[in-house]
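A.B. asks: Sharing a model prediction with you, sequence too.
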Amino acid sequence: MTTVVMSGDNFMGNAVTLNSDEFSKVAVVNGNVDVNVNFLNKGLNNISSLNYTVKDVATGNVSNEMSATVDNVAFCEMGTAKIQIPAGSEIGGPFKKEITVTKVNGAANELANANVTVNGELSKVVTRNVTRKVVVEEITGTGCPNCPRGYAGMEAMEETYPNEFIGIASHASVNYYDPMETSVYDEVWDRFGNQLGIPSALLNRTNDYEIFDPYFGSSSSTMLGVLDDFEAQRGAAEAEVVVCPMWGNQSQTQINVNTDITFLYNRDDAPYALAYVLVTDGLQGDGTPYWWQYNGIYGALYDEPYWDKWAQKGVLHDDIFVDENKNPLTVPMIEDMVYNHVALMSQNLTGTTTGEIKAPIVADAKQSASTTFDISNGVKGSFLQNELIQDKSKLKVVAMLINTETGEIVNADEKEIAAYDPTGIENVTATGEEAVEVARYALDGTQLSVPTKGVNIVKMSDGTTKKVIVK
């Protein structure tokens, strides 16, 4: 143990420097948006509060002094303050902002001439608050020993943020053939070349496709650190995305997808594109080892429930791998794996095809686009040629709105596939009225004149479809 003793009579009492990067946030008009600012305590007193002002760079207007409470950060320790940025009354953007810390613990910052400002922007000020969903695109593999920690992280994100998480799992072969590997995500992962580790993940493709560990996140060792990175992606969205996939025929070989996009600000041009991914849950193997999950975290318990759940899964095998001398290696394999969020097909995955989103963008005006997935030939794994559509009721469609200037996913939506509608009624809207029933069908597509015992498919006047159980 090393002890450092400092002495003198010129130590400061209340002093901070700021250590934050520039920020970029979407805010709601006439509201506030939170920005996390990192600081270093260079004074002897524990810090319990910071006072600050916010300057609008374009106008030079400076806000009244505001205060942020912090958690008693000690001398020479890092802390984080939640700063509120006023959005103002004008929609659009970007609006450049400058945060300046003015006081520490209610007293003047004794390092006032040091680094006490943070610059950033409100990239968009929007008309209303629409939740931004976070698309987590993971590369994983059955033969990847570290990938169970990725499954742990994906589960944690899904359960912590059930209404904001959209997961997509792209499988790759590591050590042995992965039966779920396809070429669907090649154009995304190929950009990283040999620098891509497995497991890895993208969160909304921010910062020019910044790679995260799907469990540790941007940290190297923080348990469930990915939740901090997910939290940083949360907030208001610049557009609302609503996807409505529906079976296009009774044989369920065609999926018709309609997507409504409502932007929440005005813009003369339209640098956006739509991308789609067909995913499935509940994939299970046929008993062959290719479907087993190599579990390299087996037995490594850390008193973190999501990790520990996976660290306790597996059966030891000595019939899978051998060492350089061809001696058997004992490895843990999870034989009863169920794989979720598996990517099967995609369209315009990186947003290279544009034109569906029309300029100019008008705040709160809806635009619509449509596409089709043809699954009449199924979906086969690249190497084993096994069928990957095992249960059509577990298929989902993800629609992603991509900013083509930055490559970022600005919002997305995911839905299960609605029942086939033989009437072909689409987008019937009763403006200014509550939605009413316009048609009713049995599960086989037969139109019903009255509610009938069992599951009824009800078509509403706003274009939505819902299942109703009649007893």
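C.D. replies: It's in.

A.B. asks: any low-confidence regions in the stretch 301-450 of the chain?
C.D. replies: By pLDDT under 70, the weakly predicted segments of the stretch 301-450 of the chain are 424-434, 443-446.

A.B. asks: again, only this time at 80
C.D. replies: Within the stretch 301-450 of the chain, the stretches with pLDDT under 80 are 323, 422-450.

A.B. asks: That one: strands as residue ranges?
C.D. replies: 315-322, 328-334, 342-347, 366-374, 395-403, 409-416, 437-441 (DSSP state E, counting those that start in this stretch).

A.B. asks: Please enumerate the helices of the chain.
C.D. replies: 147-160, 186-189, 206-209, 226-233, 305-311 (DSSP state H).

A.B. asks: And the longest one, what's buried?
C.D. replies: It refers to helix 147-160. Using 16 or more other Cβ atoms under 10 Å as the test for burial, helix 147-160 gives 147-158. No exception for glycine: its C-beta is placed from N, CA and C like everyone else's.

A.B. asks: for those residues, which one is nearest residue 179?
C.D. replies: residue 147 (14.4 Å; Cβ to Cβ).

A.B. asks: For the closest one, list the residues it contacts.
C.D. replies: 140-141, 198-199, 293-294 (Cβ atoms under 8 Å, 6 or more residues apart in numbering).

A.B. asks: The residue lying closest to residue 58 once chain neighbours are set aside: neighbour count?
C.D. replies: Leaving aside its sequence neighbours, residue 58 sits nearest to residue 96 (Cβ to Cβ, 6 or more residues apart in numbering; 6.2 Å). By the measure other Cβ atoms under 10 Å, the count of residues near residue 96 is 15.

A.B. asks: Is residue 96 bridged to anything, and to what?
C.D. replies: residue 121 (DSSP bridges).

A.B. asks: distance of it from residue 30?
C.D. replies: Separation of residue 96 from residue 30 (Cβ to Cβ, to the nearest Å): 19 Å.

A.B. asks: Thought residue 117 was touching residue 97, still the case?
C.D. replies: No - using Cβ atoms under 8 Å, residue 97 makes no contact with residue 117, being 10.5 Å away.

A.B. asks: which residue sits closest to residue 143 in space, ignoring its chain neighbours?
C.D. replies: Nearest-residue entry for residue 143: residue 175, 3.5 Å, with adjacent residues in sequence omitted and distances by Cβ to Cβ, 6+ apart.

A.B. asks: How many residues are close by that neighbour?
C.D. replies: When counting by other Cβ under 10 Å, one arrives at 14 neighbours for residue 175.

A.B. asks: Compare neighbour counts for residue 97 and residue 117 and give me the winner.
C.D. replies: More neighbours surround residue 97 than the other of residue 97 and residue 117, with 27 against 14 (other Cβ under 10 Å).

A.B. asks: Tell me how far that one lies from residue 237.
C.D. replies: For residue 97 relative to residue 237 (Cβ to Cβ), the value is 20 Å.
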